[in-house]
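**Q** missing the sequence, but the structure's below:
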(Lines give C-alpha, C1' and ligand atoms only; values in the text may rest on other atoms or scores of the structure.)
Protein backbone atom coordinates (compact mmCIF):
# COMPACT_ATOMS: atom_id res chain seq x y z
CA UNK A 1 0.00 0.00 0.00
CA UNK A 2 1.46 3.42 -0.90
CA UNK A 3 2.55 5.85 1.80
CA UNK A 4 1.76 9.56 1.73
CA UNK A 5 3.27 12.40 3.72
CA UNK A 6 0.67 14.88 4.96
CA UNK A 7 2.68 18.05 5.66
CA UNK A 8 0.90 20.53 7.93
CA UNK A 9 1.44 24.22 7.08
CA UNK A 10 0.07 27.14 9.04
CA UNK A 11 0.78 30.71 10.09
CA UNK A 12 2.70 30.20 13.32
CA UNK A 13 2.21 33.84 14.36
CA UNK A 14 -1.45 32.96 15.00
CA UNK A 15 -0.38 30.74 17.88
CA UNK A 16 1.68 33.37 19.70
CA UNK A 17 -1.30 34.69 21.67
CA UNK A 18 -3.47 31.58 21.91
CA UNK A 19 -5.18 31.25 25.27
CA UNK A 20 -4.45 28.13 27.33
CA UNK A 21 -8.05 27.01 26.72
CA UNK A 22 -7.77 27.40 22.94
CA UNK A 23 -4.37 25.69 22.98
CA UNK A 24 -5.89 22.76 24.86
CA UNK A 25 -8.75 22.55 22.32
CA UNK A 26 -6.26 22.53 19.46
CA UNK A 27 -4.20 19.76 21.08
CA UNK A 28 -7.38 17.75 21.74
CA UNK A 29 -8.34 18.03 18.06
CA UNK A 30 -4.94 16.65 17.05
CA UNK A 31 -5.15 13.87 19.66
CA UNK A 32 -8.60 12.90 18.33
CA UNK A 33 -7.36 12.92 14.73
CA UNK A 34 -4.30 10.85 15.62
CA UNK A 35 -6.51 8.33 17.43
CA UNK A 36 -8.79 8.11 14.37
CA UNK A 37 -5.97 7.35 11.93
CA UNK A 38 -4.41 4.88 14.38
CA UNK A 39 -7.74 3.08 14.78
CA UNK A 40 -8.20 3.01 11.00
CA UNK A 41 -4.74 1.48 10.56
CA UNK A 42 -3.66 4.39 8.36
CA UNK A 43 -1.05 6.04 10.58
CA UNK A 44 2.50 5.08 9.74
CA UNK A 45 4.14 7.87 11.74
CA UNK A 46 4.19 11.58 12.41
CA UNK A 47 5.56 14.31 14.59
CA UNK A 48 5.06 17.95 15.44
CA UNK A 49 7.99 20.27 14.84
CA UNK A 50 9.49 22.99 17.01
CA UNK A 51 8.77 26.58 15.83
CA UNK A 52 10.56 27.88 12.74
CA UNK A 53 12.82 30.12 14.83
CA UNK A 54 14.59 26.91 15.91
CA UNK A 55 15.21 25.81 12.30
CA UNK A 56 18.57 25.84 10.53
CA UNK A 57 18.75 25.60 6.74
CA UNK A 58 21.82 23.86 5.32
CA UNK A 59 23.12 24.42 1.79
CA UNK A 60 26.23 23.14 0.02
CA UNK A 61 27.67 25.20 -2.85
CA UNK A 62 30.92 24.18 -4.50
CA UNK A 63 31.68 21.89 -1.58
CA UNK A 64 31.22 24.64 1.04
CA UNK A 65 28.60 24.23 3.73
CA UNK A 66 26.58 27.28 4.70
CA UNK A 67 23.83 27.54 7.27
CA UNK A 68 21.03 30.04 7.74
CA UNK A 69 18.83 30.42 10.77
CA UNK A 70 15.18 29.79 10.09
CA UNK A 71 13.18 28.05 7.40
CA UNK A 72 14.31 27.79 3.80
CA UNK A 73 11.73 30.21 2.43
CA UNK A 74 10.10 33.44 3.53
CA UNK A 75 6.42 32.56 3.57
CA UNK A 76 3.46 33.28 5.77
CA UNK A 77 2.87 29.57 6.35
CA UNK A 78 5.48 27.30 7.90
CA UNK A 79 5.75 23.54 8.20
CA UNK A 80 4.50 22.67 11.68
CA UNK A 81 4.37 18.89 11.58
CA UNK A 82 3.54 15.86 9.50
CA UNK A 83 1.85 12.50 9.40
CA UNK A 84 2.87 9.51 7.30
CA UNK A 85 -0.32 7.85 6.07
CA UNK A 86 -0.52 4.33 4.67
CA UNK A 87 -3.42 4.64 2.20
CA UNK A 88 -4.67 2.62 -0.76
CA UNK A 89 -4.42 5.64 -3.09
CA UNK A 90 -4.14 9.42 -3.30
CA UNK A 91 -7.90 9.87 -2.93
CA UNK A 92 -7.89 8.15 0.46
CA UNK A 93 -4.83 10.16 1.54
CA UNK A 94 -6.63 13.39 0.59
CA UNK A 95 -9.71 12.32 2.58
CA UNK A 96 -7.60 11.78 5.70
CA UNK A 97 -5.55 14.95 5.11
CA UNK A 98 -8.72 17.04 4.93
CA UNK A 99 -9.53 15.92 8.49
CA UNK A 100 -6.24 17.19 9.95
CA UNK A 101 -7.13 20.12 12.25
CA UNK A 102 -4.51 22.33 10.59
CA UNK A 103 -6.37 22.10 7.27
CA UNK A 104 -8.87 24.55 8.74
CA UNK A 105 -7.12 27.88 8.24
CA UNK A 106 -3.82 26.39 7.03
CA UNK A 107 -2.95 23.89 4.33
CA UNK A 108 -1.96 20.26 4.09
CA UNK A 109 0.44 19.16 1.37
CA UNK A 110 -0.04 15.51 0.44
CA UNK A 111 2.97 13.96 -1.23
CA UNK A 112 3.74 10.32 -2.05
CA UNK A 113 6.67 8.87 -0.14
CA UNK A 114 9.41 7.44 -2.35
CA UNK A 115 9.75 3.69 -2.00
CA UNK A 116 13.20 2.22 -2.54
CA UNK A 117 13.75 -1.39 -3.45
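**A** Yep, that arrived. These numbers were taken from a predicted model, which means no experiment stands behind them.
**Q** ok, residue 46 - contacts?
**A** Residue 46 makes contact with 6, 34, 81-84 under the criterion Cβ atoms under 8 Å, 6 or more residues apart in numbering. Quick note: C-beta positions are derived from backbone N, CA and C, even for glycine.
**Q** Residue 94 - how many residues pack around it?
**A** Using other Cβ atoms under 10 Å, the number of residues around residue 94 comes to 15.
**Q** Next, give phi and psi for the residue nearest to it when sequence neighbours are not counted.
**A** For residue 94, the nearest residue in space outside its immediate sequence neighbours is residue 110; the separation is 5.9 Å by Cβ to Cβ, 6 or more residues apart in numbering. For residue 110, the backbone dihedrals (degrees, to the nearest 10) come out as phi -110, psi 120.
**Q** In contact with residue 110, which residues?
**A** 4-7, 90, 93-94, 97.
**Q** Quick one, which of the residues you listed are buried?
**A** 4-7, 93, 97 (16 or more other Cβ atoms under 10 Å).
**Q** is it possible to export these to TSV including pLDDT and secondary structure?
**A** Listed next are these as TSV, based on pLDDT from 0 to 100; DSSP: H, G, I helix; E, B strand; the rest coil:
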residue	pLDDT	secondary structure
4	96	strand
5	96	strand
6	96	strand
7	95	strand
93	96	helix
97	96	helix
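**Q** Figure out the length between the terminal residues of stretch 81-96.
**A** 15 Å (Cα to Cα, to the nearest Å).
**Q** in the top helix by length along the chain, what's buried?
**A** In the chain, with assignment by DSSP state H, the single longest helix is helix 20-39. By neighbour count on 16+ other Cβ under 10 Å, the buried set for helix 20-39 is 30, 33, 37.
**Q** so after the helix-or-strand element of the chain with minimal mean pLDDT, what's the next helix or strand?
**A** Least confident helix or strand, the chain: strand 56-61 with a mean of 83, by mean pLDDT, DSSP states H and E. Going down the chain from strand 56-61, the next helix or strand is strand 64-69, by DSSP states H and E.
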